[in-house]
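**Q** what would the 3D arrangement of this be:
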Amino acid sequence: MSDWGVLFLLFLIMMIILALTNILVMKISGKNKKKRIWSGIICILITPVVFFLTGLSVSPLDPYGFGTGVLMIIYGAFFALNGVGIVVTGLFLESENR
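**A** Sure, this is the predicted structure:
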């Protein structure tokens, strides 16, 4: 497989994992404001774990390290921004009284 094919496949896997994270957070939190904010904070706190797991999973494909580092930073930033977006949507969400 060419380098572009591997890069596309990696990018596709990253976007699928982010989408699954969003689906999971929305299913767990529902319309509850506090749960959504806490879910976003947990996503932000999990970002370093995602950062290192990305490095461990990509380093066999790039033994020199520069591409692995760039990919780790990009995916870590996407995951952190995803968590910030969840917190922001939680802040502006109208909570249902139950």
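**Q** can you pull up the most central residue in the protein?
**A** Here the mean C-alpha position of the chain is nearest to the C-alpha of Phe79 (Cα atoms, centre = their mean), at a distance of 2.9 Å.
**Q** point out where this protein drops to low pLDDT.
**A** 95-98 (pLDDT under 70).
**Q** that one: helices as residue ranges?
**A** 3-29, 33-58, 66-91 (DSSP state H).
**Q** do you know how far the residue nearest to the centre of the chain is from Gly69?
**A** Counting by Cβ to Cβ, to the nearest Å, the gap from Phe79 to Gly69 is 16 Å. Every C-beta, even on glycine, is put in place using the N, C-alpha and C of the backbone.
**Q** follow-up on the earlier one: which ones are touching the residue nearest to the centre of the chain?
**A** By Cβ atoms under 8 Å, 6 or more residues apart in numbering, the contact list for Phe79 reads 18, 21, 43, 46-47, 50-51.
**Q** repeat that for 7 Å
**A** Going by Cβ atoms under 7 Å, 6 or more residues apart in numbering, Phe79 touches 18, 43, 47, 50.
**Q** any chance of those residues in JSON lines, with neighbour count too?
**A** JSON lines is the format used below for those (neighbours: other Cβ atoms under 10 Å):
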{"residue": "Leu18", "neighbour count": "17"}
{"residue": "Cys43", "neighbour count": "24"}
{"residue": "Thr47", "neighbour count": "17"}
{"residue": "Val50", "neighbour count": "21"}
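**Q** out of those residues, who's nearest Gly30?
**A** Cys43 (16.3 Å; Cβ to Cβ).
**Q** just the buried positions in stretch 78-89, please.
**A** Using 16 or more other Cβ atoms under 10 Å as the burial criterion, the residues of stretch 78-89 that qualify are 78-80, 82-83, 86-87, 89.
**Q** now swap in stretch 67-75 and tell me
**A** Buried, per 16+ other Cβ under 10 Å, within stretch 67-75: 68, 71-72, 75.
**Q** return the closest of these with respect to Leu9.
**A** Set against Leu9, the nearest of the buried residues of stretch 67-75 by Cβ to Cβ is Leu71 (12.3 Å).
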